[in-house]
Structures are given as C-alpha cells and as structure tokens.
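Asker: test case, fold it:
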Amino acid sequence: MRKLILGFYVSLDGKSADADNGIRDVMMSIDDPEQEKYFVGRLWEAGAFLMGRNTYEIMAGYWPGSDHPSAKAMNEVPKVVFSRTLTTADNWPETRIASGDTAEEIAKLKGEPGKDLVAAGGTEFMHSLIRLGVVDEYRLWVLPAVTGRGAPLFPELDQAVSLRLVKSTAFPSGVLELVYVPADK
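Answerer: Residues are numbered from 1 along each chain as shown. Sure thing, here's the model as predicted:
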C-alpha cells in the first residue's frame, strides 16, 4: 500500500509558506545547489502529487513553461487535484481530478500500485488531510526565517498527535528536512 507523504515548507516559527507572509520569498531566494538537487530527487520519488484546486490553479500557471530545476518532475509526475468544482484539468499535463469524498479518494489512491503519494500544496488541503488522519509521513522543509504571521502548519485538532522523527537532513543554506511519522505507526 502506498504512503501519503505531506510535504510542507514552513518557517522556524511553524508558519506555512503562504504568499502573504514573506516565507515564499525567502524560499525562492535561497541559493543552495545541494538542497535543490536533493529536493528534485525527492520529487522524482513521488508516484503522484496531490493538491487542492487553488494550488493546482497557481501551479498549472507556472510549471508547464518553467525552466526551474524542479519543472521536469513537476510536469511529468502525475497529479491529482481534489476539487468538487473543477470539471477539467487540461492546463497541466498528467493531471486528473478527484471530486469524491477526500478520505475515500485517498484510500483508493493508496490502494493503487506505484510509488508513494506526496501532498504538495494548499494549506487548507494539507489541514484537511491532517484532520482526516490519512497522513503517513510528514516531510517538513524548515526555512531559516521567522514570520510571526500566517497559517500554522497544523490546524486545531481535537487531540494531540505524537510524532516520531525518522530522518533529519541539514543543508548549507540552513534549510532542514525533518521527516516524521505518527508515533503509533
């Protein structure tokens, strides 16, 4: 069975890389060839990228014409957009729409053969996956900056979720990759 990996860029103070808090600008300004090469390698490990409609619309407007080092993987790895309003996803190759119940759609995707699933974006979408309890691994990319504002990595939860660190990687730029799994798995 495939795992669902939540990949998320965050500030040191745990805020998501939303467009309105400056963290995305920090992320884009980092020049770290070692981290970039590692990150692109991680992208190729994905069997599919999962995202919400808003993220799809932003990424579909950027990646198809991009020469960024991540572009080839972002364009060639299949994508699944979770939306009840989209009827087509023709703006980005290798994209399909999941319009049913999110937990049921995730269960179907996990049951398909192939490499692991990587949730690639949308803070609201990520929060919904966390609340549903379908995340098997948290792959956090911690940026060397604080913002003091923005959406938190985790939504409010009914109960605490214990996590276990399974890997940490530090890069010359100060970016950290921290990989956690639920402590009970």
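
Asker: what's the worst-scoring helix or strand of the chain on mean pLDDT packed up against?
Answerer: With mean pLDDT, DSSP states H and E as the measure, the helix or strand of the chain carrying the lowest mean pLDDT is helix 23-29 (a mean of 81). Based on contacts counted as 3 or more CB pairs under 8 Å, 6 or more residues apart in numbering; DSSP states H and E, the elements that helix 23-29 packs against are strand 4-10. Where you see a C-beta, it was placed from the backbone N, CA and C, and this is true even at glycine.

Asker: what about stretch 92-110, how long is it end to end?
Answerer: For stretch 92-110, the first-to-last residue distance is 23 Å (CA to CA, to the nearest Å).

Asker: now do the buried residues in that stretch.
Answerer: Using 16 or more other CB atoms under 10 Å as the test for burial, stretch 92-110 gives 92, 95, 97-98, 102, 105-106, 109.

Asker: now residue 35: which helix or strand?
Answerer: The secondary structure element spanning residue 35 is helix 33-44 (assigned by DSSP states H and E).

Asker: what comes up buried for the least confident helix or strand of the chain?
Answerer: Neighbour counts using 16+ other CB under 10 Å place 23-24, 26-27 of helix 23-29 among the buried residues.

Asker: what is the nearest of these to residue 149?
Answerer: When those are compared for distance to residue 149 (CB to CB), residue 23 wins out at 9.7 Å.

Asker: tell me who's in contact with the closest residue to residue 15 other than its chain neighbours.
Answerer: Closest residue to residue 15 apart from its sequence neighbours, by CB to CB, 6 or more residues apart in numbering: residue 150 at 3.8 Å. Under the criterion of CB atoms under 8 Å, 6 or more residues apart in numbering, the contact list for residue 150 reads 11, 15-16, 18, 20-21, 23.

Asker: how near is residue 114 to residue 11?
Answerer: Applying CB to CB, to the nearest Å, one obtains 32 Å for the distance of residue 114 from residue 11.

Asker: between those two, tell me which one has more neighbours.
Answerer: Set side by side, residue 114 and residue 11 show more neighbours around residue 11, with 23 against 11, by other CB atoms under 10 Å.

Asker: correct me, but the more buried one touches residue 25?
Answerer: No: in this structure, residue 11 sits apart from residue 25 without contact. The criterion is CB atoms under 8 Å, and the distance is 11.5 Å.

Asker: what helix or strand is the most centrally placed residue in the chain on?
Answerer: For the chain, the residue lying nearest the average C-alpha position, counting by CA atoms, centre = their mean, turns out to be residue 120 (2.6 Å). Residue 120 belongs to strand 117-121 when elements are defined using DSSP H and E.

Asker: got the angle for that strand vs helix 33-44?
Answerer: Going by axes from the mean of the first three to the mean of the last three CA atoms, to 10 degrees, strand 117-121 is angled at 120 degrees with respect to helix 33-44.

Asker: who are the packing partners of the next helix or strand after strand 117-121?
Answerer: Counting by DSSP H and E, the next helix or strand C-terminal to strand 117-121 is helix 123-132. Secondary structure elements in contact with helix 123-132, counted by 3+ CB pairs under 8 Å, 6+ apart, are strand 4-10, strand 48-52, helix 102-111, strand 117-121.
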